[in-house]
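# predicted model and sequence follow; I will ask about them next.
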Amino acid sequence: MVPTPPKQKEKRLSPSPGGPEPAPEPVLGTAVIVIHPGSSLLRIGRASDTFPHVIPQVIARRRRNQDSTGKHEDRTLLRHEACQAESRALHEQGLRGVQQALMSITTSSGQHRLAPPTEQLAAYNAQVGPHIEETSDLEWTDTSSKPEYLVGQEVLYLHPSECYNVHWPMSCGQLHLHSGPGGSLTAVLADLETIWTTAIEKFLDIPIEDLKHYRCILLVPDIYNRQHIKELINLLLNRLGFSAAIAHQESVCATFGSGVASACVVDVGDQKTAVCCVEDGLSHRNSRLWLDYGGRDITRCLEWLLRKTNFPYKDCNLLDRLDCQLLQELKHSSCHLNRDMFGARCQDVHVQRPDTFTRRYQVRLGEETIQAPMGLFHPQLFGLVGSSLVHTQLRNQGDPEDVHDEHYLLQTQSTQQQVAKAVAEKKAKASSKQDQGADGDKTSPDSKPSLEPRHKRAREDAGGSEAKHRRGVVRLPSTSRRGAEPPPLKLMGVDQAILHSIECCASDETKKKMSSCILVVGGGLNFPGAQNFLLHRVRSQLPAKYRSIADTMEVINRPKDQDPQMVCWKGAAVLACLDTTQELWVGQREWRKFGIRILRERSPFVW
């Protein structure tokens with residue numbers, strides 16, 4: 001048992017009346033827990049740890065009705081957007097685009113790549129049969145004690161006949177809210193509480209009642225939902241009992257973990273791809289993009305391409321948890337973006353099931369191992385159909401607990417501007433009237449009828465504006481009205497998203513700075529040759545005015561030889577020990593007293 005660290009003193013919201021507030025005590029890394037809840041994996045650990053503990057963020061809850069009918073299980077690889085009537089045509093159209101792109105690519109020696117014919121691969125794989133090997137070491141999860149819930153790896157090996165509902169409480173980095181069983185906000189938060197509590201007690205060896213001596217840093221997506229962050233902070237402080245917490249964006253923590261000050265951060269996760277520009281610890285709001293595809297779409301696309309070449313494991317099912325793991329492992333071991341790798345090659349595929357013999361298939365693979373990852377640059381290959389596949393940061397919709405939010409400031413500013421404008425117009429008209437009275441003999445009588453209505457309208461406008469101000473009814477400009485959203489963007493590849501994000505920066509100097517450093521994190525683009533492939537794609541599409549920096553452009557996918565999936569978590573661990581972080585902590589008592597208002601005031605990013 002690790003000894004419990006001393007409780008940290010909370011910083012008061014206002015200075016003490018007796019004099020200046022004493023400097024806060026430094027926070028020890030052993031007293032800070034960093035939580036990075038991804039779409040499929042949870043990374044959790046102390047800030048002093050070298051690496052976090054990584055577990056599947058999934059929970060299985062026992063059904064009250066033991067009947068297997070009506071059992072619910074969230075899908076991992078299959079998704080609604082890829083099962084539409086138009087998806088097949090998009091698949092084929094995207095595949096033709098990828099094939100044409102590969103034909104134009106040459107090797108590092110200048111030779112053309114020779115792709116093996118699909119017909120030959122299909123003919124070979126059609127004759128492949130299973131080789132029976134020894135019994136698998138895998139075992140089904142023991143449920144003889146009838147536990148109420150199972151968490152993490154145990155869920156993946158839960159027998160299909162067991163009466164449990166399986167839930168993945170996070171989807172695309174957000175709370176997985178849906179209309180099915182376990183999809184309400186209360187149920188999703190309860191699932192997260194159970195998963196995080198189990199991970200803290202099991203892997204960190206910390207009793208839940210001792211969390212009052214610990215602080216927590218929570219990583220949130222760059223395009224965040226304010227209501228979700230509010231609920232998660234409430235979960236950490238009120239339900240789990242942490243003494244203080246900070247919520248920070250993944251992209252900013254990625255720059256901390258990689259040791260770069262400014263970069264265009266590309267986070268390719270399992271279910272989403274996020275792109276944004278970070279400069280000196282701040283994420284540019286207008287540069288944030290969220291694309292609805294990631295590593296799972298590559299896996300699903302690989303399975304579709306393998307079936308075209310007669311994949312010998314005919315029973316592969318995208319609804320089966322073990323088959324999904326098999327495809328994930330096959331993707332990591334065979335897929336690449338190396339232009340020097342081409343031609344047919346054989347690979348062993350081991351199909352393992354608990355309590356049965358292992359089946360080994362010797363599969364011959366071809367261009368599908370590079371075609372599937374290229375879907376990140378040709379997203380039509382994923383066959384996604386929908387109107388909202390690209391997201392940007394939306395305007396704050398407001399919260400009844402925070403009356404002095406940005407809407408209040410916009411209304412106040414607009415009211416003051418309208419009243420000041422009306423008063424200025426009234427003074428200008430009065431001054432003009434005096435000047436016209438002094439020079440009345442010089443004014444032609446034909447102009448008088450046209451002057452009177454204008455003054456009358458000005459007085460009515462001024463009086464109307466003042467009356468509206470007194471009633472508190474002011475119409476906001478169209479760009480700042482509540483609910484105003486930017487026009488939807490079309491689905492684009494990662495390279496195009498990078499260029500779009502950089503182009504949304506304010507100044508040319510900032511654009512050049514972002515173009516010179518592209519930081520890739522997450523596990524979705526962790527393929528051999530991905531660094532040079534992405535560099536070539538972005539460099540070839542740079543605008544002419546930025547071609548001068550093309551030679552100095554750098555793509556970083558393994559900063560300091562770190563696993564790109566751990567960079568964000570490591571950056572949050574670094575953040576926990578900085579002196580400037582001490583004023584960002586939101587204490588438990590402050591949260592209970594001020595609620596979301598203190599979160600807006602202490603947030604390290606623009607709320």
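On my side now, so go ahead. Numbering: from 1, shown residues only.
# tell me which element E134 is part of?
Secondary structure assignment for E134, by DSSP states H and E: strand 131-135.
# now do the helix or strand following that strand: distance to the chain's middle.
The helix or strand immediately downstream of strand 131-135 is strand 149-151, counting by DSSP H and E. Put simply, strand 149-151 sits 26 Å off its chain's centre (CA atoms, centre = their mean, to the nearest Å).
# what about V155, how many residues nearby?
By other CB atoms under 10 Å, 21 other residues sit near V155. For the C-beta atoms, the positions are set from N, CA and C on the backbone; glycine is no exception.
# thinking again about what came up before, send the alpha carbons of the strand holding E134 over as PDB?
Output of strand 131-135 as PDB, limited to C-alpha atoms (Å, rounded to 0.1, in the frame of the first residue of the first chain):
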ATOM      1  CA  HIS A 131      -4.000 -25.600 -39.500                       C
ATOM      2  CA  ILE A 132      -5.100 -26.900 -36.100                       C
ATOM      3  CA  GLU A 133      -2.600 -26.200 -33.300                       C
ATOM      4  CA  GLU A 134      -2.600 -26.600 -29.600                       C
ATOM      5  CA  THR A 135      -5.500 -25.500 -27.400                       C
END
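# got a list of contacts for stretch 74-86?
40, 87, 166-168, 176, 292, 296-297, 299-300, 303, 318-319, 321, 324, 327, 382-386, 389 (CB atoms under 8 Å, 6 or more residues apart in numbering).
# those residues, buried ones only, as a ChimeraX selection?
Typed into ChimeraX, the line below selects the buried ones among those, using 16 or more other CB atoms under 10 Å:
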select :40,166,167,168,176,292,296,297,299,300,303,321,324,327,382,383,384,385,389
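# elements contacting the strand holding E134?
Where contact means 3 or more CB pairs under 8 Å, 6 or more residues apart in numbering; DSSP states H and E, strand 131-135 is packed against strand 357-365.
# sec struct for H248, please.
strand (DSSP: H, G, I helix; E, B strand; the rest coil).
# so it touches L219, yeah?
Yes. Proximity of H248 to L219 meets the contact threshold set by CB atoms under 8 Å, at 6.4 Å.
# find residues that contact each of those two.
A572.
# can you tell me the strand partners of the strand holding E134 and which way each runs?
Taking DSSP bridges as the criterion, strand 131-135 forms sheet pairs with strand 357-365 (antiparallel).
# residues in contact with the strand it pairs with?
Outside strand 357-365, the residues touching it (CB under 8 Å, 6+ apart) are 121, 124-125, 128-136, 306, 309, 311-313, 334, 344-352.
# same thing but at 6 Å, please
The contact list for strand 357-365 (CB atoms under 6 Å, 6 or more residues apart in numbering) reads 121, 124-125, 128, 130-133, 135-136, 312-313, 334, 344-352.
# residue nearest the centroid of this structure?
Central residue of the chain (CA atoms, centre = their mean): P221, 4.1 Å from the mean position.
# which non-adjacent residue is nearest it?
G173 (4.0 Å; CB to CB, 6 or more residues apart in numbering).
# coming back round to it: which ones among the contacts of stretch 74-86 map onto strands?
In strands, defined here by DSSP state E, the members of these are V166, H167.
# now go through the contacts of stretch 74-86 and say which are in helices.
Under the assignment DSSP state H, those contribute S87, R296, D297, T299, R300, E303, R321, C324, L327 to helices.
# which of the residues you listed sit farthest apart?
Maximum pairwise distance in the ones in helices among the contacts of stretch 74-86, criterion CB to CB, is 23.1 Å, between S87 and R321.
# before we move on, back to that, can you list the residues that contact the strand holding E134?
Residues from elsewhere that reach strand 131-135, judged by CB under 6 Å, 6+ apart: F357, T358, R360.
# picking that back up, got a quick ChimeraX command for the buried subset of the contacts of strand 357-365?
Filtering those down to the buried ones (16+ other CB under 10 Å) takes a single ChimeraX command:
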select :121,124,125,128,136,312,313,334,349,351,352
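# just the contacts of strand 357-365: which are in helices?
Short answer: the contacts of strand 357-365 in helices (DSSP H) are L121, Y124, N125, S334.
# for those, which two are the farthest from each other?
Of all pairs in the ones in helices among the contacts of strand 357-365, the most separated under CB to CB is Y124 and S334 at 15.9 Å.
# strand partners (parallel or antiparallel) of whatever helix or strand V275 lives in?
With secondary structure defined by DSSP H and E, V275 is part of strand 273-279. Paired neighbours of strand 273-279 in the sheet (DSSP bridges): strand 262-268 (antiparallel), strand 282-283 (antiparallel), strand 289-291 (antiparallel).
# and these, which is most packed in?
With neighbours defined as mean count of other CB atoms under 10 Å, these peak in mean count at strand 262-268, which reaches a mean of 27.
# send me that strand as CSV with only the CA atoms.
These are the backbone C-alpha positions of strand 262-268, laid out as CSV (Å, rounded to 0.1, in the frame of the first residue of the first chain):
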residue,chain,number,x,y,z
SER,A,262,3.8,25.6,-31.1
ALA,A,263,2.4,23.0,-33.6
CYS,A,264,-0.5,21.9,-35.6
VAL,A,265,-1.6,18.9,-33.5
VAL,A,266,-3.2,16.0,-35.3
ASP,A,267,-4.8,13.5,-32.9
VAL,A,268,-5.9,10.3,-34.8
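# how near is the residue nearest to P221 to S161?
33 Å (CB to CB, to the nearest Å).
# still on that earlier bit, buried members of the contacts of strand 131-135 into PyMOL, please.
To isolate the buried ones among those in PyMOL, judged by 16+ other CB under 10 Å, type:
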select buried, resi 358
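# in TSV: the contacts of strand 131-135, plus pLDDT.
Formatted as TSV, these follow (pLDDT from 0 to 100):
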residue	pLDDT
F357	91
T358	93
R360	95
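# which of the contacts of strand 131-135 sits closest to D67?
Nearest member of the contacts of strand 131-135 to D67, counting by CB to CB, is F357, at 31.9 Å.
# now C568, what's its secondary structure?
helix.
# please apply the same query to the one 5 residues further on.
Secondary structure assignment for A573 (three-state DSSP): helix.
# which residues are in contact with T141?
T141 touches E154, Y157, L158, counting by CB under 6 Å, 6+ apart.
# so which of those belong to helices?
Using DSSP H, the subset of the contacts of T141 located in helices is E154.
# if you rank the contacts of T141 by neighbours, which is first?
E154 (20 neighbours).
# could you pull up the residues touching that one?
T141.
# per-residue confidence for it?
Per-residue confidence (pLDDT) for E154: 95.
# from C335, how far out is it?
Relative to C335, and taking CB to CB, E154 is found at 28 Å.
# then G110?
25 Å.
# and these two? which has more neighbours close in?
Ranked by neighbour count (other CB under 10 Å), G110 and C335 place C335 first, with 22 against 6.
# what backbone torsions are found at the more buried one?
phi -80, psi 150 (degrees, to the nearest 10).
# D270 versus that one, what's the distance?
Applying CB to CB to C335 and D270 gives a distance of 14 Å.
# what of A123?
Shown here: A123 relative to D270, a distance of 34 Å by CB to CB.
# with neighbour numbers in mind, choose between these two.
D270 (23 against 13).
# that one and Y293 touch, don't they?
No. Contact between D270 and Y293 fails when scored by CB atoms under 6 Å: they sit 10.2 Å apart.
# where exactly do the strands run in the stretch 501-607 of the chain?
517-521, 554-556, 586-587 (DSSP state E, counting those that start in this stretch).
# in its sheet, what does the longest one sit against?
Using DSSP bridges, the neighbouring strands of strand 517-521 in the sheet come out as strand 262-268 (parallel), strand 554-556 (parallel).
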